[in-house]
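**Q** This is the structure alone, sequence omitted:
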């Protein structure tokens, strides 16, 4: 094993950085068998790394649930503000109408 590869391999395992480098080379079109020999891993193992990389990458492009949650929170906060304004306006109208009503002072007629 070359010193370059040995420095990135510990206890028979490659670092995530080294796996990423291999996968990127595969994705750029380098030959699977040649990379397999260079990294001293099976072609199946390199394919596994590639598939895991692509799956994880795809997940990273999915909308983040926290982003969806934030959008929902903003929408709900706007609705609460709208309902609060409606309530305040209705209370003001009620006060105004109650102020204009004059109740008769005295006895009611039979």
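**A** Received it, and whenever you're ready, just let me know what you need. Keep in mind that this is a model prediction, so the values were computed, not measured. Numbers count the residues shown, from 1 in each chain.

**Q** domain parsing for the protein?
**A** By the assignment in automatic domain parsing, the chain contains the domains 3-61, 64-99.

**Q** Could you export those as JSON lines, including mean neighbour count?
**A** From N, CA and C alone the C-beta is placed, and that goes for glycine too. Below are the domains of the chain laid out as JSON lines (neighbours: other C-beta atoms under 10 Å):
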{"stretch": "domain 3-61", "mean neighbour count": "13"}
{"stretch": "domain 64-99", "mean neighbour count": "10"}
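
**Q** what's the helix or strand for the closest residue to residue 20 other than its chain neighbours?
**A** Distance criterion C-beta to C-beta, 6 or more residues apart in numbering; nearest residue to residue 20, sequence neighbours excluded, is residue 53 at 6.9 Å. Per DSSP states H and E: residue 53 is located in helix 43-61.

**Q** next helix or strand past that helix?
**A** That would be, after helix 43-61 and using DSSP H and E, helix 65-100.

**Q** What helices and strands are in contact with that next one?
**A** Helices and strands touching helix 65-100, by 3 or more C-beta pairs under 8 Å, 6 or more residues apart in numbering; DSSP states H and E: there are none.

**Q** and that helix, how far from the chain's centre?
**A** Remark: helix 65-100 is offset 28 Å from the chain centroid, using C-alpha atoms, centre = their mean, to the nearest Å.

**Q** Renumber starting at 41 from here on
**A** Taking 41 as the first residue, the last one we looked at is helix 105-140.

**Q** Assign residue 81 to helix, strand or coil.
**A** With DSSP: H, G, I helix; E, B strand; the rest coil as the basis, residue 81 sits in coil.

**Q** Could you pull up the residues touching it?
**A** Each residue near residue 81 by C-beta atoms under 8 Å, 6 or more residues apart in numbering is listed here: residue 54.

**Q** Check it and give its pLDDT.
**A** If you check residue 81, the pLDDT there is 94.

**Q** quick one, phi/psi of it?
**A** phi -130, psi 160 (degrees, to the nearest 10).
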